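# model this:
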Amino acid sequence: MNNNSKLGVMEDTLELIIDSKSENESFARVAVAAFCTRLDPTLEEITDIKTAVSEAVTNCIVHGYEGGKGKIYINVNITGNTAEVIVKDSGVGIENIEKAMEPLYTTKPEQERSGMGFSFMEAFMDELEVSSARNKGTTVIMRKKIGESAGK
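This next block holds a predicted model:
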């Protein structure tokens with residue numbers, strides 16, 4: 001853990017690379033949550049982070065790599081009381097981000113996908129940014145301020 005002595009702000013980073021296998025989703029969720037515990041989150045806040053990470057990683061597996069092989073890159077940056085979680089793949093990308101972020105929209109209805117992944121990420125985190133390029137992958141950036149969710 002680094003403490004920025006000039007600003008008195010806690011800063012720390014976690015980098016994690018996992019294979020795009022469904023069994024790694026739970027590991028990613030727990031690893032990110034464990035790393036964020038240094039911010040002393042409430043049970044609700046840690047559950048929110050775990051849910052959002054789960055949705056982002058699942059999107060990489062199901063949509064980014066379409067169930068095939070690939071790597072999922074997860075970075076968690078803690079600055080002050082904010083956890084920033086970045087989940088990135090190098091998969092097929094999203095053709096229309098705005099459409100993909102609509103509740104109930106899914107490109108995999110045959111797999112009984114609910115189309116609520118981005119909606120859950122948006123609901124459980126304070127900020128959500130999505131960028132994507134066809135055949136280059138997708139990056140999801142989520143931020144949550146710990147200790148301030150009561151005002152949300």
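# list the contacts for residue 134?
92-93, 95 (Cβ atoms under 8 Å, 6 or more residues apart in numbering). All C-beta spots, glycine's among them, are computed from the backbone N, C-alpha and C.
# look up how far residue 56 lies from it.
19 Å (Cβ to Cβ, to the nearest Å).
# now residue 116
Taking Cβ to Cβ, one finds residue 116 at 13 Å from residue 56.
# pick out whichever of these two has more residues nearby.
Set residue 116 next to residue 56 and count neighbours by other Cβ atoms under 10 Å: residue 56 wins out with 33 against 15.
# where does this structure have low pLDDT?
1-8, 104-115, 149-152 (pLDDT under 70).
# hey, which strand is longest across it?
The strand spanning the most residues in the chain, taking DSSP state E as the definition, is strand 9-19.
# partners of that strand, with directions?
Paired with strand 9-19 in the same sheet, following DSSP bridges, are strand 2-4 (antiparallel), strand 71-79 (antiparallel).
# so for residue 78, what's the nearest residue that isn't a sequence neighbour?
Counting by Cβ to Cβ, 6 or more residues apart in numbering, residue 78 lies nearest to residue 12, which is 4.6 Å off, once chain neighbours are set aside.
# nearest residue to residue 148 in space, please, no chain neighbours.
Among residues not flanking residue 148 along the chain, residue 81 sits closest, at 7.2 Å (Cβ to Cβ, 6+ apart).
# let me see the contact set for that neighbour.
39, 145-148.
# ok, back up a step: list just the nearest of the contacts of residue 134 to residue 52.
residue 93 (20.5 Å; Cβ to Cβ).
# quick one: the helices in this protein?
23-36, 43-59, 97-100, 117-124 (DSSP state H).
# determine which of those approaches residue 139 most closely.
Once those are compared by Cβ to Cβ, helix 43-59 is nearest, at 9.9 Å.
# show me what that closest one is packed against.
Packing contacts for helix 43-59, counted by 3 or more Cβ pairs under 8 Å, 6 or more residues apart in numbering; DSSP states H and E, involve helix 23-36, strand 71-79, strand 82-89, helix 117-124, strand 137-145.
# any idea how far residue 66 is from residue 51?
23 Å.
# show me which of the two is the more surrounded one.
The neighbour comparison of residue 66 against residue 51 (other Cβ under 10 Å) goes to residue 51, with 17 against 13.
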